[in-house]
Structures are given as structure tokens and as C-alpha cells.
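*Asks:* I'd like to go over a predicted model; first the sequence, then the structure.
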Amino acid sequence: YGDCFDWLARLRRRGEHYDVVILDPPSTSVGRKKRRWSVRTDTDELVSLAAPLVKDGGLLVTTTNASTLRPGRFAAMVKKGLDDAGLGGRSRLERVCPMPMDFPSVGTGPVKNLVWTIRR
């Protein structure tokens, strides 16, 4: 249990690395420190903490179901987080995945499933 920001920092201090890190945060949340978090404004901070945990050649999977966040804005926030982590030049958007068939949407669903390759 606990706040994911605390866990990400703890895992980094331990020197942990993973083949795949999946970020699928809620649209909004209130953390243990009573700080409001929003995918619309804080995705880059989450990515900057999680991306260093990805092994060389590993994948960072980022996804959101926030209906008010446009796909281009979401991708730009992820890229900013990668830049903030010092991995911007060593990461590449590998794949854009459509929303699953069972995801409810009206019309064409916005694509917000992005898979990034991280190189060290």
C-alpha cells in the first residue's frame, strides 16, 4: 500500500529496473499528503519518476481514459516527463495502440495508449 510517488522514489533508490513499466493512473486522485493529482496536469511528473525504472531496451506503457485529455496533449506530457528524467533523447514512441473494443465511447475513440522504448 502507499502512494505511488513514494514507491517510485523508493524503487529508484533500491536500483530496481524492469523490462516493462505500465502507467495507468486514475484521471484524478488525492494522495496521502492530501495533494490533488490530475492526469491533465501531472502526467509528466509521474513519467519522470517511472521512466528511470525501465531497463535498457525496455518499454514504458502509458495510458489514460481521461475523456478531457486530447491524445496529442497526453503524448506531449509523456515526452516532457521523459525529457525531465533525462531520457528524452533516448526514448522513442514505439507504438500507438487503439482503445480496446470493450471500451465505451461514442464515435471514434481517442487513442491514448502509447508504448515507448527506453535506451540507456
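*Replies:* Looks like it came in fine. Residues are numbered from 1 along each chain as shown.

*Asks:* buried ones in stretch 12-31?
*Replies:* For stretch 12-31, burial by neighbour count (16 or more other C-beta atoms under 10 Å) applies to His17, Val21, Leu23, Pro25. C-beta: built from backbone N, CA, C; applies to glycine.

*Asks:* The last one touches Thr64, doesn't it?
*Replies:* Yes. With the criterion set as C-beta atoms under 8 Å, Pro25 and Thr64 qualify as a contacting pair; they are 7.0 Å apart.

*Asks:* Could you check how far the top strand by length along the chain is from the centre of its chain?
*Replies:* Of all the segments assigned as strand in the chain under DSSP state E, the longest by residue count is strand 54-63. Put simply, strand 54-63 sits 10 Å off its chain's centre (C-alpha atoms, centre = their mean, to the nearest Å).

*Asks:* where do the helices sit along this protein?
*Replies:* When assigned using DSSP state H, the helices of the chain occupy the ranges 4-14, 39-50, 71-84.

*Asks:* Fine, thanks again, bye for now.
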